[in-house]
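**Q** Prediction below, plus the sequence it came from.
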Amino acid sequence: MTHKYFDPFIMSLIFISTILMAVDSPLNDPDSTLSQVLNIIDIVITSFFVMESVTKIIAYGFIFNGPESYLRISWNIMDFIIVIFSVSYLLFFCQAQRCASLTSIYNIAHINHFQQSQNRFHQGYSYAKSSPSSSHDLPK
């Protein structure tokens, strides 16, 4: 990309991500505040890297749009592989390990769905309780 703030922003994300990887340890308690914060920041940074890849793919084309296509530049190939592994980690490994931040995001979506289902159930229940007892009482 050619915006003057784009590359410094991405480089600062890489720098922050590197520091966070140094802080993280497999010995950390997964339920600790530190682990939860690191997971949330990891999701945010990965989201920015995904947006970077998508933006470049839209701007340059994926592979068959000429010599400047996204996957015809070696740095972009490396970025794309890292993004694929990062997203895979968040979707599969993190879910299996019950990462707090990812679980929270899934829980919010499921709570919303549960609330909508519960509202529909209660509306149906109250309608059933107040429904007429015979068919001739129905409104015409």
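**A** Structure received.

**Q** Would you mind checking the average pLDDT for stretch 47-64?
**A** Rounded to a whole number, the mean pLDDT of stretch 47-64 is 90.

**Q** So for that stretch, what gets flagged as buried?
**A** Neighbour-count burial for stretch 47-64 flags Phe49, Glu52, Ser53, Lys56, Ile57, Tyr60 (criterion: 16 or more other C-beta atoms under 10 Å). Heads up, the C-betas are built off the backbone N, CA and C, glycines and all.

**Q** got the contact list for the last one?
**A** Contact criterion C-beta atoms under 8 Å, 6 or more residues apart in numbering gives Glu68, Ser69, Tyr70 as the residues in contact with Tyr60.

**Q** for those, which one is nearest Ser25?
**A** Tyr70 (34.5 Å; C-beta to C-beta).

**Q** name the element Asp31 belongs to?
**A** Taking DSSP states H and E as the criterion, Asp31 maps to no regular element, lying outside all helices and strands.

**Q** do the same with the one 10 residues further on
**A** Applying DSSP H and E as the criterion places Ile41 in helix 33-60.

**Q** I'd like the mean pLDDT over the helix or strand encompassing Asp7, please.
**A** Secondary structure from DSSP H and E places Asp7 in helix 6-23. For helix 6-23, mean pLDDT is 88.
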